[in-house]
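Asks: What follows is a predicted structure for the sequence shown.
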Amino acid sequence: MAAKETPVMRQHADAKRAHPNRIVFFRLGDFYEMFGEDAVVAAKALDLVLTSRNKGAPDEIPMCGVPHHAAHGHISRLLELGHSVAICEQLADPSKCKGIVPREVVRVVSPGLVTDREHLDATTNNWLFALDFEEATIGLGLFDISTGELAVGTLRDLTEVLSETTRTLPREVLLGGKSSEQIRAARELLAKVLPNASLLDDEALPSDKVDWDLPDCMQSLEPHPPEQRAAARALRLARSCHPGKALPVSRAIRWEMRDCLVIDEVAQQHLELVTSSSGDKKTTLLSVIDETATAAGARLLRRWLLTPLRDVTRIRRRLDAVELFVTEAPLRKAFRLEVEAVSDLERLATRAVLGEATARDLGGIRDGLVAATKAVGVLERVEVAADRETLELTANGVDTVSDVESKLSQSLVDRPPNQPKDGAIFRTGFDAELDESDALRRSGTELIVSLETSLKQLLGIPSLKLRYTRVFGWYAEVSRAQSGRVPPEWRRKQTVATGERYTFSELDELADKILNADERHRERELRLLHELIVCVGRESARIRQLAARIARWDVFAALGEVAHRNDYCRPDVDDGDVLLFEECRHPVVEQFAARGHFVPNRCELSITGERMWLITGPNMAGKSTFLRQIAVATILAQMGSFVPASRARVGLVDRILSRVGASDNLARGESTFMVEMRETSKILSSATRRSLVVLDEIGRGTSTFDGLAIAWSVGEYLDEAIGCRSLFATHYHELTELSAASLHISNRSVSAQEVEGELVFLHRLVEGSVSRSYGVAVAKLAGLPERVLSRARALLDALETGRSTEAKASALVARNRGQLGLFESRPKKPSQGDKMVEELSSLSIEGITPLQALALLDQWKRRLTKL
Ligand code: ADP
Ligand code: MG
């Protein structure tokens with residue numbers, strides 16, 4: 001930075017040194033200024049004018065600034081872009097301070113550590129994601145400061161890192177540990193999948209070595225060093241952003257991927273669980289089932305959806321609770337009515353712990369506690385012992401934190417203001433001192449009014465007014481014409497267009513009194529507010545615990561509501577081999593694209609029986625929809641929800657692996673065959689016997705022969721080597737021959753009828769395969785010109801009679817299959833013919849003379865005849 005530093009710029013340099021990776025908002029009077037590289041970055045991001053300090057001088061540096069009252073919006077924008085901001089404040093009033101004003105960084109606002117409502121999405125956790133790379137394991141620490149949740153876990157490789165980041169979508173990631181190789185690889189990968197996240201390493205952490213130790217909340221967990229280091233990393237960053245504050249973390253939980261039904265990143269997107277390919281939020285599974293009434297409930301539901309369970313007992317326990325809310329309609333309705341008024345207690349309590357709560361936040365906590373008490377009251381009226389157990393209600397009752405609630409109710413006005421200057425915070429009668437200063441304030445004002453009246457009469461000046469401005473304080477104003485009647489001891493202060501302004505000792509005394517009362521009132525109010533915040537902060541763990549229970553009931557009631565409204569059934573979940581859905585529907589398609597006319601279908605797979613269904617049918621028949629609905633219904637069942645079917649049985653699934661052929665996946669901008677193959681190979685390596693594999697038209701991104709051969713061998717491998725339940729949609733009719741060779745593979749097709757040249761989709765899944773693809777009929781539906789259609793029909797006829805290339809391909813593959821399994825790649829000695837073909841294809845005709853060509857021909861001919 002500058003060669004010749006002024007004291008102020010030295011302060012800035014100190015702040016910058018302590019926060020090298022952050023944009024320093026440096027307070028200068030009414031502005032936050034940014035200097036140097038910070039200024040360049042911020043000016044671009046915030047569309048500010050970039051100027052410079054000491055223009056023309058050798059120490060000229062770029063600079064830009066924002067007015068302090070507008071800082072909030074600018075900080076928001078920077079956070080969205082993944083920046084973090086260090087706020088360097090003036091610690092004293094410049095007018096009351098000799099020499100240079102002391103300045104210090106008082107707060108760091110980091111995307112992963114925000115607590116303001118404005119910077120947060122109410123329905124999503126804001127995870128700070130910390131990793132610790134050791135050779136074989138990766139420790140994971142997740143911390144949401146806004147809710148006080150801390151979780152730890154262990155990941156095996158970058159694939160798992162990727163699947164956890166897509167699940168949690170962190171805005172900030174901390175990378176550290178021994179293996180710098182892995183850190184670099186992870187950084188590269190995450191920069192791609194989370195383009196707007198801030199990626200930090202240990203340099204971002206404070207350099208002191210003292211607080212690597214963990215809070216008590218981690219003592220209950222078994223020690224796993226990489227996990228602990230990852231969690232410690234997250235907490236250290238949090239501490240450095242909120243210096244001197246106790247962090248709101250009550251209990252660490254284990255983030256256990258292995259206890260969950262694993263849905264990897266690609267499947268998550270393909271099944272459109274929380275994001276849709278069109279970007280429309282309404283058409284995701286989450287939005288269809290999210291009937292939660294509270295923000296904390298919405299966050300929990302989202303988590304359950306992305307991490308369904310794998311433990312029969314736990315799933316059944318959830319299902320019991322949902323069922324209770326389905327069958328007991330009055331209970332459901334009454335509870336939902338009350339719970340709706342519960343505010344975001346988790347996040348509000350956190351703000352209290354950090355001392356950031358406003359009077360309005362405290363009002364929010366009070367109202368939330370009142371509503372929560374009523375909602376709990378509805379449940380407490382349940383009498384049947386078994387139902388009480390289902391609702392996790394114990395005899396000693398639910399702690400509704402009523403002591404805090406009554407304290408807040410007694411003290412705060414009904415609608416407390418955000419800023420103390422915007423109105424009264426406390427009820428009259430709550431605090432005697434406050435009431436007294438308030439009365440003084442009021443009586444002072446009344447005294448002024450009566451002084452004005454008496455002066456008017458006494459002096460005979462009807463135009464006399466007693467007024468107040470912030471700059472001058474109280475004064476008397478008299479019109480110029482009547483100013484002669486003013487007593488001589490009055491002091492003239494100012495001449496304005498409307499007359500002359502004076503002060504005098506009686507008015508000064510009164511003004512002092514009012515001002516004093518005002519000041520006393522404000523100080524008292526702030527003191528009481530602070531005490532209240534501290535008191536609420538002390539009980540925040542109890543408040544958060546209540547919030548967590550309410551969130552759980554909210555989710556159960558919401559799932560009950562969805563099941564009731566959309567006619568879902570309770571699945572039988574066990575650890576058997578079967579996956580059965582009768583009259584199954586796609587929960588999203590039945591609400592939108594096919595509302596009112598969705599055709600339900602049956603699915604029955606069994607690990608030991610028919611475990612693979614090969615599904616053929618024309619384009620647009622509903623193959624993809626069927627595949628997805630089965631996967632989605634399985635996820636719903638294992639998260640503890642009812643499912644869109646008339647009967648369901650789910651033998652536990654450990655992973656859902658789902659892939660779409662390249663051309664169906666254009667939305668992701670990856671159409672290459674390579675991507676498809678890489679994903680397919682990932683499936684084959686991670687599927688187990690308990691997995692559900694859903695393959696939609698794989699092998700599409702290449703030539704017919706290649707595609708068919710690959711699809712064929714993948715099908716065989718799934719059946720023979722893995723033996724899991726799978727659904728396989730394909731446009732290669734030849735593939736249906738697979739079923740002849742294996743008892744475990746069976747053909748289904750989605751029917752369509754051609755009625756007088758028009759294609760009618762029945763969307764009904766039937767046994768067997770279809771022989772026609774109806775491609776031309778679909779093309780007609782799409783509006784291709786008649787001339788093109790009739791030519792296509794003629795060509796099709798010719799191909800079908802002359803045996804199509806695809807049919808030949810199938811014969812070829814079938815023959816090979818008899819001789820050698822496609823998976824054992826037995827090395828074959830290349831024949832003369834093969835070699836010649838290779839030579840021929842690498843030959844550049846333009847590059848040789850006719851004579852050379854003749855010589856080559858001669859050589860080949862001789863080689864062939866020798867054979
Ligand atoms: P495919 O994969 O066979 O080309 P899709 O599954 O993409 O066909 O379905 C095409 C359209 O048909 C869907 O967008 C949906 O609107 C409709 N559809 C699919 N399945 C059904 C069904 N079971 N009942 C009613 N409409 C359906
Ligand atoms: Mg499809």
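Replies: Received the coordinates, thanks. Ligands and ions are numbered 1, 2, ... in the order given.

Asks: okay, CA-based contacts and neighbour counts for the rest of this
Replies: Fine.

Asks: and the residue of the stretch 301-450 of the chain nearest ligand 1?
Replies: Residue nearest to ligand 1 within the stretch 301-450 of the chain: Leu305 (22.4 Å; Cα to the nearest ligand atom).

Asks: residues near that residue, how many?
Replies: Burial of Leu305 is recorded as 23 neighbouring residues (other Cα atoms under 10 Å).

Asks: Test my guess that it contacts Thr634.
Replies: No. Using Cα atoms under 8 Å as the test, Leu305 is too far from Thr634 to be in contact (11.0 Å).

Asks: after the worst-scoring helix or strand of the chain on mean pLDDT comes which helix or strand?
Replies: Sorted by mean pLDDT, DSSP states H and E, the helices and strands of the chain end with helix 805-819, the least confident at a mean of 46. Note on helix 805-819: by DSSP states H and E, the next helix or strand toward the C-terminus is helix 832-842.

Asks: Averaged pLDDT, that following helix. What do you get?
Replies: For helix 832-842, the mean per-residue pLDDT is 71.

Asks: Leu657 belongs to a strand, doesn't it?
Replies: Yes. Using DSSP: H, G, I helix; E, B strand; the rest coil, the assignment for Leu657 is a strand.

Asks: what's the closest non-adjacent residue to it?
Replies: In space, Leu657 comes closest to Val693 once its chain neighbours are excluded; the distance is 4.8 Å by Cα to Cα, 6 or more residues apart in numbering.

Asks: Across the sheet, point out what pairs with the one you found.
Replies: Leu657, Ser726 (DSSP bridges).

Asks: burial of it, as a residue count?
Replies: Applying other Cα under 10 Å, I find that Val693 has 25 neighbouring residues.

Asks: Please name the residues that touch the closest residue in space to Ala298 that isn't next to it in sequence.
Replies: In space, and not counting its chain neighbours, Ala298 is closest to Thr123: 5.1 Å by Cα to Cα, 6+ apart. The contact partners of Thr123, by Cα atoms under 8 Å, 6 or more residues apart in numbering, come to Ala295, Ala296, Gly297, Ala298, Arg299.

Asks: Which single one of the residues you listed is nearest to ligand 1?
Replies: Taking Cα to the nearest ligand atom as the measure, ligand 1 lies nearest Ala298 of the contacts of Thr123, at 27.7 Å.

Asks: returning to what we had before: backbone dihedrals for the residue nearest to Ala298, both of them.
Replies: phi -100, psi 10 (degrees, to the nearest 10).

Asks: mind checking how far it is from ligand 1?
Replies: From Thr123 over to ligand 1 the distance is 28 Å, taken as Cα to the nearest ligand atom, to the nearest Å.

Asks: The residue of the stretch 701-850 of the chain found nearest ligand 1 sits in which helix or strand?
Replies: Evaluated by Cα to the nearest ligand atom, the stretch 701-850 of the chain has His763 as its residue closest to ligand 1, separated by 4.7 Å. Using DSSP H and E, the element containing His763 is strand 758-767.

Asks: In its sheet, which strands sit next to that strand, and in what direction?
Replies: Here, using DSSP bridges, strand 758-767 pairs with strand 745-755 (antiparallel).

Asks: Burial check on Arg793, number of neighbours?
Replies: The burial count for Arg793: 14, using other Cα under 10 Å.

Asks: Equivalent analysis for Ala593, please.
Replies: Other residues within reach of Ala593, judged by other Cα under 10 Å, total 11.

Asks: same check, this time on Glu786
Replies: By other Cα under 10 Å, 10 other residues sit near Glu786.

Asks: and it, what does it touch?
Replies: If you count contacts by Cα under 8 Å, 6+ apart, Glu786 has them with Lys780.

Asks: Grab the nearest non-local neighbour of Ile635.
Replies: Distances taken as Cα to Cα, 6+ apart put Pro308 closest to Ile635, at 6.3 Å, once the chain neighbours are dropped.

Asks: Repeat that for Ala711.
Replies: Nearest to Ala711 is Gly699, by Cα to Cα, 6+ apart, at 5.6 Å.

Asks: Distance of the one you found relative to ligand 1?
Replies: The value you get for Gly699 to ligand 1, if Cα to the nearest ligand atom is used, is 15 Å.

Asks: My read is that that residue contacts Trp712, right?
Replies: No. Using Cα under 8 Å, Gly699 is not in contact with Trp712; the gap is 9.2 Å.

Asks: ok, these two, which is more surrounded?
Replies: The neighbour comparison of Gly699 against Trp712 (other Cα under 10 Å) goes to Gly699, with 29 against 24.

Asks: which residues in the stretch 601-750 of the chain form strands?
Replies: Remark: strands assigned in the stretch 601-750 of the chain by DSSP state E, counting those that start in this stretch are 601-606, 612-616, 647-651, 655-660, 692-696, 725-729, 745-755.

Asks: one step back: count the neighbours of the residue nearest to Ile635 for me.
Replies: 24.

Asks: can you tell me how far it sits from Pro20?
Replies: Distance of Pro308 to Pro20, given as Cα to Cα, to the nearest Å: 41 Å.

Asks: For the stretch 551-700 of the chain, which segments count as helices?
Replies: Here the stretch 551-700 of the chain has its helices, by DSSP state H, counting those that start in this stretch, at 623-639, 673-686.

Asks: for the chain, which spans come out with low pLDDT?
Replies: 1-4, 207-221, 661-675, 700-704, 757, 771-778, 798-834, 865-867 (pLDDT under 70).

Asks: For the longest helix along it, buried residues please.
Replies: The single longest helix within the chain, with elements called by DSSP state H, is helix 505-538. Judged by neighbour count (16 or more other Cα atoms under 10 Å), helix 505-538 contains these buried residues: 507, 510-511, 513-515, 517-518, 520-522, 524-525, 528-530, 532-534, 536-538.

Asks: chain center to it: distance?
Replies: Relative to its chain's centre, helix 505-538 lies at 43 Å (Cα atoms, centre = their mean, to the nearest Å).

Asks: Stretch 557-571 too?
Replies: Per Cα atoms, centre = their mean, the centroid offset for stretch 557-571 relative to its chain is 25 Å.

Asks: returning to that earlier point: in terms of secondary structure, what does the longest helix of the chain contact?
Replies: Under the contact criterion of 3 or more Cα pairs under 8 Å, 6 or more residues apart in numbering; DSSP states H and E, helix 505-538 touches helix 345-353, helix 432-459, strand 473-478.

Asks: Would you mind listing what in this structure touches ligand 1?
Replies: Applying Cα under 6 Å from any ligand atom, one finds that the chain approaches ligand 1 through 593-594, 597-600, 619-625, 763.
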